[in-house]
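[1] Everything below, folded, please.
(2 chains)
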Amino acid sequence: MIKHRYRINNVILRTVAKLVSLIILTLAVYLFLAGHHSPGGGFVGGLVLASALVLLLIVFDIETVRKGIPVDFKKVAAFGALLSVGTGFGALIFGENFLSQAFDYFNLPFFGKTELTTVMIFEAGVALVVVGVVVTIILSISEDE
Amino acid sequence: MIEIMLTLALTLYGIAIAISVIRTIIGPSLPDRIVALDMIGVMLVSCIAIISVSYGTKAFLEVILILAILAFISTIAFSKYIERGTIIDSRRDD
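    Predicted coordinates:
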């Protein structure tokens, strides 16, 4: 164990990273919800969300992030793939083609007239797949012997 | 008039990015290359803002946000690589 001659003080980086990760997560949610009629969607939202997790992994360490987010990201990716494919097969129950999507307008109490669509579930699955795969790749690369 | 100004700004940013790319390639040390890469990121954000004004669209604003975030994270990763030698620690050591 090599002792450092000086201790590295990164309190500024850690304080900034806590704030910036909140901003990045907000942007990820915005990109995820804006993806129907404007640029964005599940893939980009998942990538931005994964970049927030990567920022936390860089600034803190694997042990702290695993303690704070106790999920297995391989299972997250598998669950997202199941959700995406499940929406595709759900259309077969109603006698439609594979991956047929439906939408309708609802009057929600706070948002007013809102378009709800089953593409949202599909995109949520895509976002979960992207987050799981990216974080798994980053963790597998970074682990040393 | 505004078109001439925007075109001139884009041209100057192109020249500045070319100079930064030269510094990234021939940079004698690693911090030179990292600062040049960070400069390229900031100038790309500015270029996209100018293009967005020139086209009169708001469709590129998400691109600006994502590019700024990625430039920030990559600069932090390179800086930590210089200082510690590793990018992601396995456990907390302080």
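[2] Now for the residue nearest in space to the middle of chain A: which residues touch it?
    For chain A, residue A:46 is the residue whose C-alpha lies nearest the centre (Cα atoms, centre = their mean; 3.9 Å). For residue A:46, the contact set (Cβ atoms under 8 Å, 6 or more residues apart in numbering or on different chains) comprises A:28, A:32, A:126-131, A:134. C-beta here means a position set from N, CA and C on the backbone, and glycine is covered the same way.
[3] how far is the helix or strand containing residue B:32 from where the chain is centred?
    Per DSSP states H and E: residue B:32 is located in helix B:30-55. Centroid separation for helix B:30-55 versus its chain: 4 Å, with Cα atoms, centre = their mean, to the nearest Å.
[4] cool, and stretch A:17-33?
    Its chain's C-alpha centre and that of stretch A:17-33 lie 10 Å apart, by Cα atoms, centre = their mean.
[5] Same question for stretch A:118-130.
    Worked out by Cα atoms, centre = their mean, stretch A:118-130 lies 10 Å from the chain centre.
[6] Most neighbours out of the contacts of residue A:46, which is it?
    residue A:127 (27 neighbours; other Cβ atoms under 10 Å in any protein chain shown).
[7] ok, it touching residue A:48?
    No - applying Cβ atoms under 8 Å as the test, residue A:127 and residue A:48 come out as separate, 9.6 Å apart.
[8] I'd like to know how far the closest residue to residue A:128 other than its chain neighbours sits from residue B:74.
    Sequence neighbours aside, residue A:80 is the residue nearest to residue A:128 in space, at 2.8 Å (criterion: Cβ to Cβ, 6 or more residues apart in numbering or on different chains). Distance of residue A:80 to residue B:74, given as Cβ to Cβ, to the nearest Å: 26 Å.
[9] Looking at those two now, which is surrounded by more residues?
    Neighbour tally, residue A:80 and residue B:74, criterion other Cβ under 10 Å: the higher count belongs to residue A:80, 22 against 15.
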